[in-house]
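[1] sequence and predicted structure are below.
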Amino acid sequence: MLATDSNAAPLVPQRPAGLSDPRALLRDLFDTAVAAVSASHCLPPQLPPPPKGRTVVIGAGKAAAAMAQAVEAHWQGDISGLVVTRYGHGAPCRRIEVVEAAHPVPDEAGQRAAERMVELVQGLSADDLVLCLISGGGSALLAAPAPGISLADKQAVNKALLRSGANIGEMNCVRKHLSALKGGRLALHCAPARVETLLISDIPGDDPTLIASGPTLPDATTCADALAVIAKYGIEVPANVHAHLASGAGETPKPGDARFDGHRSVTLATAQQSLEAAAARARELGFEAHILSDSIEGESRDVALVHAAIARQIARLGQPFRKPCVLLSGGETTVTVRGSGRGGRNAEFLLALAVALDGLPGVHALACDTDGIDGSEDNAGALLAPDTLSRAAARGLSARAHLGNNDGYGFFAGLDDLIVTGPTRTNVNDFRAILIA
């Protein structure tokens, strides 16, 4: 047995320091999560050796510019190329050109960048390497409509998909079959050069063929699958788009296609990595931390109800975890837009969580998109506290009314509880942290 001092004061469990400022704690966890999946941290160890011939860099996504910057800083030898990222997400590069374009609805800048990218990989040899830098957002940014499909057609379909409630896998299935480059077609333009694809995943489950609609990877989905998504959500598409899919003209190269032999893909960063980093930081600060899942999907408000039920069980009964603790989760929820308000899926999640918790004491929460942009707004997400509803009522704000109007942004802006980071230049999708004190 351990020796004890009968005169010593009894040991009193210390309260974690973060309880004195829950907002700062939650923001610390989010910042830690984002840093863990930054290109500068995760890309350099995975760079391939230089080839005998040329190295051409291409890429698309919200992290594309930061990835290009990391390649330039660590590449041994000559390099050139072009990547396209979202407006405001660029980063200074010397040898790799960075183009900015629209997201989530594509524009002409993205289309021109895609055309130039194809030109850059023409005439390569088997001794050359194409290094493709892919991250979430690349589907919209790499805008190359299939023959017979216009950019306006793509824009219309994209807008309808975004409002439909379809998950990211379903949306990217449709996008692949309306594109000249997605679903593996970009890699075919690089032949006979070898293609190495480095990916930052924004996809629940991290299927590399879904990240930015897999422009350099073979695709197992079909035109029939794309039509099924359109029918499932009652999406109205232009007649030529329906005919394109029904005819099979939009079919993609499939797994086992010999044209992909010798190519390689590496997933550099995932939601799980960001959650593990945040969990480690929480434990360092004295909290138990529990990762619920890295791949939660579904309607934001429904996901909020489940999180609220777990938080309430912990707060009331200490099940399945003892408090104080932090719950962490990631993935990509969806919002079926029925109102006319402003707000992304993370603001919607928090607004529904506020209604479900109804001011439950001791529960604080943060929900943000790791790219720094919640939907199409200027905030990454927002913060929730036990007094959120009472403060809202004092300012004449109704959480239920704002939720009914899909106006999470307006609600949290009215409380000065938005989190604004600016572009983080990475993207592993949603990050949620709930503190039960």
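    Done, it's in. The structure displayed is predicted, hence computed values, not measured ones.

[2] the strands in the stretch 251-400 of the chain, which residues?
    Taking DSSP state E, counting those that start in this stretch as the test, the strands found in the stretch 251-400 of the chain are 264-269, 288-296, 325-331, 363-369, 381-384.

[3] just the pLDDT for the residue nearest to residue 400 when sequence neighbours are not counted.
    Ranked by Cβ to Cβ, 6 or more residues apart in numbering and with sequence neighbours excluded, the top spatial neighbour of residue 400 is residue 355, at 6.0 Å. For the C-beta atoms, the positions are set from N, CA and C on the backbone; glycine is no exception. Looking at residue 355, its pLDDT is 98.

[4] swap in residue 137?
    93.

[5] for residue 5, same thing?
    pLDDT, residue 5: 37.

[6] residue 8 too?
    With respect to pLDDT, residue 8 has a value of 40.

[7] bridging residues for residue 195?
    residue 130 (DSSP bridges).

[8] dump the strands of the stretch 251-400 of the chain to TSV, plus distance to residue 50 and mean pLDDT.
    Converted to TSV, the strands of the stretch 251-400 of the chain look like this (distance: least, Cβ to Cβ, whole Å; pLDDT from 0 to 100):
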stretch	distance to residue 50	mean pLDDT
strand 264-269	15	98
strand 288-296	34	97
strand 325-331	35	98
strand 363-369	35	98
strand 381-384	40	98
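
[9] any chance of those strands in JSON lines, with mean neighbour count too?
    Below are those laid out as JSON lines (neighbours: other Cβ atoms under 10 Å):
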{"stretch": "strand 264-269", "mean neighbour count": "19"}
{"stretch": "strand 288-296", "mean neighbour count": "18"}
{"stretch": "strand 325-331", "mean neighbour count": "24"}
{"stretch": "strand 363-369", "mean neighbour count": "27"}
{"stretch": "strand 381-384", "mean neighbour count": "28"}
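
[10] go through the ones you listed and name the closest to residue 339.
    The minimum distance between residue 339 and these falls on strand 381-384, with 17.3 Å, by Cβ to Cβ.

[11] which strands or helices does the closest one pack on?
    helix 22-36, helix 345-357, strand 363-369, helix 408-414, strand 418-419 (3 or more Cβ pairs under 8 Å, 6 or more residues apart in numbering; DSSP states H and E).

[12] out of the strands of the stretch 251-400 of the chain, the one nearest residue 189 is which?
    strand 264-269 (16.6 Å).

[13] got the angle for the closest one vs helix 22-36?
    Interaxial angle, strand 264-269 versus helix 22-36 (axes from the mean of the first three to the mean of the last three Cα atoms, to 10 degrees): 160 degrees.

[14] quick one: contacts of strand 264-269?
    Residues from elsewhere that reach strand 264-269, judged by Cβ atoms under 8 Å, 6 or more residues apart in numbering: 36-39, 42-43, 46, 48, 194-201, 206, 208, 211, 216-217, 426, 428.

[15] keep only those of the residues you listed that are in strands.
    194-200 (DSSP state E).

[16] neighbour-wise, which of these leads?
    Among these, the one with the most neighbours (other Cβ atoms under 10 Å) is residue 200, at 33 neighbours.

[17] excluding residues flanking it in the chain, which one is nearest it?
    residue 135 is the one closest to residue 200 (Cβ to Cβ, 6+ apart), at 4.1 Å.

[18] tell me how far the one you found lies from residue 335.
    Distance of residue 135 to residue 335, given as Cβ to Cβ, to the nearest Å: 22 Å.

[19] more neighbours: these two, which one.
    Taking other Cβ under 10 Å, residue 135 and residue 335 do not tie; residue 135 has more neighbours (34 against 22).

[20] roughly how far apart are that one and residue 232?
    27 Å.

[21] please save the CA atoms from the helix ranked longest in the chain in PDB.
    Ranked by number of residues, the top helix in the chain under DSSP state H is helix 300-317. Extracted C-alpha coordinates of helix 300-317, given in PDB (Å, rounded to 0.1, in the frame of the first residue of the first chain):
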ATOM      1  CA  SER A 300     -28.100  19.900 -39.300                       C
ATOM      2  CA  ARG A 301     -31.100  20.400 -37.000                       C
ATOM      3  CA  ASP A 302     -31.500  16.600 -36.600                       C
ATOM      4  CA  VAL A 303     -27.800  16.100 -35.800                       C
ATOM      5  CA  ALA A 304     -28.200  18.900 -33.200                       C
ATOM      6  CA  LEU A 305     -31.100  17.000 -31.500                       C
ATOM      7  CA  VAL A 306     -28.900  13.900 -31.100                       C
ATOM      8  CA  HIS A 307     -26.000  16.000 -29.700                       C
ATOM      9  CA  ALA A 308     -28.400  17.800 -27.300                       C
ATOM     10  CA  ALA A 309     -29.700  14.500 -26.000                       C
ATOM     11  CA  ILE A 310     -26.200  13.200 -25.300                       C
ATOM     12  CA  ALA A 311     -25.200  16.500 -23.600                       C
ATOM     13  CA  ARG A 312     -28.300  16.400 -21.400                       C
ATOM     14  CA  GLN A 313     -27.700  12.800 -20.300                       C
ATOM     15  CA  ILE A 314     -24.100  13.700 -19.300                       C
ATOM     16  CA  ALA A 315     -25.200  16.900 -17.500                       C
ATOM     17  CA  ARG A 316     -28.100  15.200 -15.600                       C
ATOM     18  CA  LEU A 317     -26.900  11.700 -15.000                       C
END
